[in-house]
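Visitor: model this:
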Amino acid sequence: MPFSNSHGVDSAVGTSSEVVPLYKKRRMSQNNKFSSCMVSREIAAILPTLRSADYYMKPCLKDLASMELADPGYCSRVLDFTVGRIGYGSVKYIGETDIRRLDLDHIVRFHRHGVVVYEDDNAKPRVGQGLNKAAEVTLVLQVREVSLEEGKLNKVVDKLKISAERQGACFISFDVATGEWKFMVQHFSRFGLSEDDEEDIVMDDATVIQNPLASNGGENSDIDEVTHMATTGAELAHSLPAHLGLDPVRMREMKLLMFPDEEEEAQDITEIPAWQKSSLSKEYVRPPFHNSAQRTSHRSSPPPSRKTPLALLEYNHGSFDSNSPGTILIAPQNKSLSLKPIKTEGSGFKLDFKQETPVSGSYSRNIVDAGLFMGRSFRVGWGPNGILVHTGTPAGRNTSEGLLSSVINLERVAIDKVVRDETNKVREELIDFTFDSPLNLHRELNHVTKELQVGSFKLRLQKLVSDRLTLSDICRNYGDIIERKLEVPGLSSSTRVVLSHQVMVWELIKVLFSERETSSQSKSLGADNEEDMMQDMKESSSEVDLEALPLIRRAEFSLWLQESVCPQVQEAVSSLNESSYLEHLFLLLTGRQLDAAVELATSRGDVRLACLLSQAGGSMVNRADVARQLDLWRINRLDFSFIEEDRIRLYELLAGNIHGSFHDVKVDWKRFLGLLMWYQLPPDTSLPLVFHTYQHLVDDGKAPYPVPVYIDEGPLEEAVSTEEHFDISYYLMRLHACEEGEFGLSKAMFSALSSTHDPLDYHMIWHQRAVLEAIGTITSNDLHVLDMGLVSQLLCVGKCHWAIYVILHMPYREDFPYLHANLIREILFQYCESWSSEESQRQFIEDLGIPVEWLHEAMAIYFSYYGNFSKALENFLQCAHWQKAHTIFITSVAHKLFLSAKHSEIWQLATCMEDHKSEIENWDLGAGIYISFYLLRSGLQEDCDTMSELDSLESKNAACRDFLSRLNESLAVLGGRFQVDARVAYSKMAEEICGLLLSDIGEGSTCDGQLSCFDTAFTAPVPEDLRSSYLQGAVSVFTSFLSEVAA
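Guide: Residues are numbered from 1 along each chain as shown. Here you go, the predicted model:
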């Protein structure tokens, strides 16, 4: 055996003949390895490619390579080849399939509840070749649990069968447990559920996609842990863009351009060393977006049919030692918060708050809002009449309603609360007494006007003027309107309190700021008894002395104060029993009801006390005597326990010590003010001094705050005690006290909360401000909130004309010169339907001097919005908006009139705009076309004797050629804005002109002239059948010409 010792590795000495066979064997082994490498390359070249991490194939690439190596040509006849996407479905091709060199990433694309094979029809092979052949399709459906209940499952199956048949497929089965829908197709295009099917059949928008590896039942168990991490990253990267209907790949590329640092960090995570990568046996699975070359080669999945993003589920905090901030991830898996879809009527999705959120560390509300939840941008928006549209719920609300996070709310602010009764119904009589009657009274008063130039228009601004002599009548008239409003049945108790207070406010304005006619003759008026002084005034002449006016005003204010506090006094007295008559006397004194107090004391036999009461608040000598007597009792250490406590309080009050008599008794601010004026200050103290004294006591905390009436005379449901807003009566007193100086409390005085519990009710304080300004008591140009508050109320009840009236009374400001014009135009545009439907309102607005052009412009926009283009055109013409009128005319009106044979209306409208054609773009290609048509048609129809300019065929042909050229140019320039009817109208015009032109061809015209006419007709925008008839006519003329030449 020549090779018996060739492998003797233990021999001590080898010969050269033994070394040569070893060398040849090693060389043969190297040649075999080289041949094996070449074979592997050839096999790899014919294998299909599939790089997407969440896609798979069966047999896998490892098995395909092994089979191809063992049986060359195996990849051209793979049995039951399957390609699928984890969590979406699969396609199983029946029989043998040729899969050589297929780029599966671009051929097979799964999306939510659908699959597309060969999306590009140009690249699709014939039926039976490649992957365009019979196959069994399995789609994983996300089914609502309610759809799987008994009685509803059969309906779901029936609808799936109908959907399959409609697409030319054959329904196989539907597995309730896995949600797999199987059907058979003979060839491929696009198969799956349409958007309507998803809405009507099975789709659950809030279903979270399960773990892809788990849902696949471990089919890809050979994928290593690194690959699984990369797959999760791909899902995170794709979830948000895909659910928003965007291309994830392009979004990724845009992110790389703007945030390259983040991509570098991502690559550091996803990059895998070469020794960790599996070769062919790992199915070529690679991390997504590994490099730029792979990014460009990745497929872009078609957008899902339902674009529903998932909620904010997971938060990935940044490390303290890194520069990367925390990122919020939209993940398909929920590890911290659970989102439970509760599909109840009128509610959104509720969040489970059993766990704290990692974002805030506390129980969170409003984690998502409805706009973001639905994949749309949504903001808070205000609509007309106080309509507020918003998402979610107000932050910080602790009720169960605060848990709703995906509800779009439409709410209305109660601007019209003042005209609703206690049943919350709007009453027409309340609208009249609240707005119409006071504004009509305001309009009847004297006004001065000022013209304001606004562009080419003028506005007449108005201002109320009056004097203090007529102020009494004005206040009395306003009070009468409020008293008639009080007679309306069904008013709530809180409303009646506010209305009664408004009557007293008008009385107070009359008392503090009205004037009387004076006389040079002095009249003796006693100062000790104000009531007797008022009676003497009534009996005397209406003309009084100037020196007596302050005392008269004080007496009138005293009567106003007595009347104002009378209800509180009577209410307190009614709660007393018969035994507490001294307390009864005390309460009567707080309202200065001296006659009743003296009568009560006399009836009880307490004559001495009755005598003291009859002089209460009178002479300072009497007060001093009572005070000195009390001091003597204290000096002599009289035991006051033998005297009733209420009697001592009465003596303290008669002595002028109101703080001593009320040290443990609470009293409202008006009665305290009366006690201060009646019993402590001298009887001749002027009102300004009284008011200043009370103000100092309030500032020192020794007097009750002058709270608004709805707090003072409550309890009211809406009332909230506050020290920031005082009663308007108190502000009026302050205004009277500093009338000589500067009053800086106008904004506080004319805030809504100073007179009513409704913070949006400005209707009465607007009139009070106007009257006070008219008599020169105040001047203000910074109370636009007051004006706009009343404007909002008027617009809410449909009183647009009064809203414009109020705007015209707003003071002019140099820094806002176009404020009035902008507000008026905005009202005209937004509330056009309201004022234009009532002729009385429209006439009222015109009488105010509002330019009529503004009204027509608003109505034009309104009619254009609702598609009434004829009315829109009419109003645009009346407001001289020629360009807009021309646009509507040529795009929406003219062709309809033309096809209806209303040529006179077209002529009238077009000629109306012709004088202003220099202001109209493309006039010659728009309305000018119709004018040219009628002129040309008339010229062609007239006899040659009457139309000298068209007396020859050549001139007619030239005119028609020019018209048809303009017609074609008009279609080229404006055709994109034309409706089909407009193109039909143009065709009719061209047909009629061509018919008139060709009808003039007869004897006496040359062949060239006739053929030129036909050539003109060929350029007309007419239907093809009509153009064919023109061609036949031209052929006939040419044939006749040839016959004549031949003859």
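Visitor: Tell me the spacing between the residue nearest the centre of the chain and F1014.
Guide: Centroid-nearest residue in the chain, with C-alpha atoms, centre = their mean: G381, separated by 2.4 Å. Counting by C-beta to C-beta, to the nearest Å, the separation of G381 from F1014 is 62 Å. C-betas here are computed from N, CA, C, even on glycine.
Visitor: what do you get for G1033?
Guide: Distance from G1033 to F1014, by C-beta to C-beta: 6 Å.
Visitor: Common neighbours of these two, please.
Guide: Counting by C-beta atoms under 8 Å, 6 or more residues apart in numbering, the shared contacts of G1033 and F1014 are L998.
Visitor: neighbour-wise, which of these two wins?
Guide: Neighbours were counted for G1033 and for F1014 using other C-beta atoms under 10 Å; F1014 has more, 22 against 17.
Visitor: what's the closest non-adjacent residue to that one?
Guide: A1034 (3.9 Å; C-beta to C-beta, 6 or more residues apart in numbering).
Visitor: Over to Y812?
Guide: Closest residue to Y812 apart from its sequence neighbours, by C-beta to C-beta, 6+ apart: L461 at 6.1 Å.
Visitor: The one you found in helix, strand or coil?
Guide: The local conformation at L461, judged by DSSP: H, G, I helix; E, B strand; the rest coil, is strand.
Visitor: And the pLDDT for it?
Guide: You'll see L461 listed with a pLDDT of 95.
Visitor: can you check E846 too?
Guide: 95.
Visitor: and what of S40?
Guide: So S40 comes in at 72 (pLDDT).
Visitor: Next, the contact list for it, please.
Guide: Counting by C-beta under 8 Å, 6+ apart, S40 has contacts 65, 69.
Visitor: Three-state assignment for it, please.
Guide: Per three-state DSSP, S40 ends up helix.
Visitor: For it, give its distance to S76.
Guide: Going from S40 to S76 by C-beta to C-beta gives 18 Å.
Visitor: tell me the phi and psi of T49?
Guide: Dihedral pair for T49: phi -110, psi 140, per degrees, to the nearest 10.
Visitor: Compute the distance between the closest residue to it other than its chain neighbours and A982, please.
Guide: Among residues not flanking T49 along the chain, D103 sits closest, at 5.5 Å (C-beta to C-beta, 6+ apart). Using C-beta to C-beta, D103 is found at 49 Å from A982.
Visitor: the more surrounded of those two?
Guide: Per other C-beta under 10 Å, whichever of D103 and A982 has more neighbours is A982, with 23 against 13.
Visitor: Is the more buried one inside a helix or a strand, and which specific one?
Guide: Following DSSP states H and E, one finds A982 within helix 980-999.
Visitor: So for that helix, mean pLDDT?
Guide: Taken as a whole, helix 980-999 has a mean pLDDT of 90.
Visitor: tell me which residues in that helix are buried?
Guide: By 16 or more other C-beta atoms under 10 Å, the buried positions in helix 980-999 come out as 982, 985-987, 989-991, 993-994, 996-998.
Visitor: Show me what that helix is packed up against.
Guide: Counting contacts by 3 or more C-beta pairs under 8 Å, 6 or more residues apart in numbering; DSSP states H and E, helix 980-999 packs against helix 894-899, helix 927-941, helix 953-974, helix 1007-1018, helix 1024-1046.
Visitor: Give me the contact list for that helix.
Guide: Contacting residues not belonging to helix 980-999 are listed as 890-891, 894-896, 898-899, 929, 933, 936-937, 940-941, 956-957, 960, 963-964, 967, 970-971, 975, 978, 1013-1014, 1016-1017, 1020-1023, 1026, 1030, 1033 [C-beta under 8 Å, 6+ apart].
Visitor: outside of stretch 414-424, which residues touch it?
Guide: Applying C-beta under 8 Å, 6+ apart, the external contacts of stretch 414-424 come out as 385-386, 426-427, 430-431, 434-435, 488, 490-492, 495, 758, 760-761, 763, 792-793, 796-797.
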